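Chemist: Give me the fold of what follows.
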Amino acid sequence: MIAFPCTTVPVPDGIALRIGRQLPARVQAAIGQAADAGRLLHLCRGARYEEARQVQQARIAAANKVLAAYNPKLIHGWADLDWRNR
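Modeler: Down below sits the predicted model:
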């Protein structure tokens with residue numbers, strides 16, 4: 001198994017944007033779907049939102065299938081969701 005090196009050097013936003021533009025459209029869409037589903041998943045609290053949570057988790061899983069097929073390093077996990085970084 002090949003392990004990707006861990007980079008601790010921050011990437012400027014402009015460079016990250018240029019790198020992101022080189023990804024295929026389906027991968028860019030999957031990244032957006034995972035981020036949107038993660039934000040909505042954070043808002044679905046309480047027992048009455050169980051079905052909404054399941055829908056958002058299914059969206060993240062579908063996006064992860066596309067991302068894993070392109071590059072396994074792009075998979076979004078629970079710690080990668082936007083609300084955890086705030």
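Chemist: Give me the average confidence score over the lengthiest helix in the chain.
Modeler: Under DSSP state H, the helix in the chain containing the largest number of residues is helix 50-70. For helix 50-70, the mean pLDDT works out to 92.
Chemist: now do stretch 27-35
Modeler: 90.
Chemist: How far off centre is that stretch?
Modeler: 6 Å (Cα atoms, centre = their mean, to the nearest Å).
Chemist: list the buried ones in it?
Modeler: The neighbour-count check on stretch 27-35 (16 or more other Cβ atoms under 10 Å) flags 27, 30, 31, 33, 34, 35 as buried. Using the backbone N, CA and C atoms, a C-beta is placed for each residue, glycine as well.
Chemist: what's the closest of those to residue 53?
Modeler: residue 34 (15.0 Å; Cβ to Cβ).
Chemist: element containing the closest one, please.
Modeler: Using DSSP states H and E, residue 34 sits within helix 25-43.
Chemist: and that helix, how far from the chain's centre?
Modeler: Distance, stretch centre to chain centre, for helix 25-43: 6 Å (Cα atoms, centre = their mean).
Chemist: what's around residue 8, how many residues?
Modeler: Neighbourhood size, residue 8 [other Cβ atoms under 10 Å]: 4.
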